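Undergrad: below: sequence and its predicted model.
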Amino acid sequence: MFLGKYNDAWQKSGKHYSEMFPNEKISATFKAILEDWVPPDFNPWAAPRETGSPFGRKRGGPHPAIFRKRIVTTTMIKTQRTDDTHPVNEAFHDLRGKDGEMKIKPEYAERFGLLNLYEYLARNDVTWNPEIVSAVEYSLFCPTTEEYILPITHGNDRVEWFLLLNGQISMEVRDRDTGILLAYLHMKPGDCTAMPADISHNLWAPERSMLLVWENGNPQLPELIRLGKTPTAPLEEFGLK
């Protein structure tokens, strides 16, 4: 847990603080705080137009959003969402795609899958929460839908590639360790951007948008980057400058 650790002014004034706790202990503590405070009619995974207010009298209680688990596949999502569990979000009612066609021999049926990603994301029931839908060793495709504001500042510990599938997203990029502003970005459909491993970013989307996040999920990367044994710049990952 930290305060001011990634803020230049707090660092220079000596006010920053951090302390390590066992994951089980700090996770349980924060979940208890959330259960005590989050209103039952407020869904933190939803856009403001879809949920109640986070403000008002303290009236917490058991909340399913606190214990929600992300979808994490080991190969590829093969089952399309349906109206029974995931109705199409009203922002995507006019976005209807055609399913592809796949012909494979029966003996290989378990090794292949075909998914209409636009249809899948149109039925996404959360915002700002990438879920792993395909994995090839450490190469992970993590799409999500975005609307309103990312509720946290996301600090990178590896390079991330963003491909905007529809809508629009704006981004504020800062130095991860000092919080100093580096750039503003505005993405439109088809735009691809790469986030270095040593930055933090905030995002906001004025309309429901689909974003595909691609990253290297190698668990050793943060330590390799800390030791300077692997590059932090996206192009350098591929041996380019």
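TA: Noted; the coordinates are in hand. Numbering: from 1, shown residues only.
Undergrad: show me the protein divided up by domain.
TA: Following automatic domain parsing, the chain resolves into domains at 1-68, 71-237.
Undergrad: output those domains in CSV; the columns should cover mean neighbour count and mean pLDDT.
TA: The C-beta positions use only the backbone N, C-alpha and C, and glycine is treated the same way. As requested, the domains of the chain are exported to CSV (neighbours: other C-beta atoms under 10 Å; pLDDT from 0 to 100):
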stretch, mean neighbour count, mean pLDDT
domain 1-68, 13, 89
domain 71-237, 15, 90
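Undergrad: and Asn202, what element?
TA: Using DSSP states H and E, the element containing Asn202 is strand 199-216.
Undergrad: CA atoms of that strand as CSV?
TA: In CSV, the C-alpha atoms belonging to strand 199-216 read as follows (Å, rounded to 0.1, in the frame of the first residue of the first chain):
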residue,chain,number,x,y,z
ILE,A,199,4.2,5.0,-17.9
SER,A,200,0.9,5.4,-16.2
HIS,A,201,-2.3,6.3,-18.0
ASN,A,202,-5.9,7.5,-17.5
LEU,A,203,-8.6,7.0,-20.1
TRP,A,204,-12.0,8.4,-20.8
ALA,A,205,-14.6,7.5,-23.5
PRO,A,206,-17.5,9.9,-24.3
GLU,A,207,-19.4,6.9,-25.8
ARG,A,208,-19.4,3.1,-25.4
SER,A,209,-16.3,2.0,-27.2
MET,A,210,-14.6,-1.3,-27.9
LEU,A,211,-10.9,-1.6,-27.1
LEU,A,212,-8.6,-4.5,-27.8
VAL,A,213,-5.6,-4.7,-25.5
TRP,A,214,-2.7,-6.9,-26.5
GLU,A,215,0.2,-7.7,-24.1
ASN,A,216,2.9,-10.1,-23.2
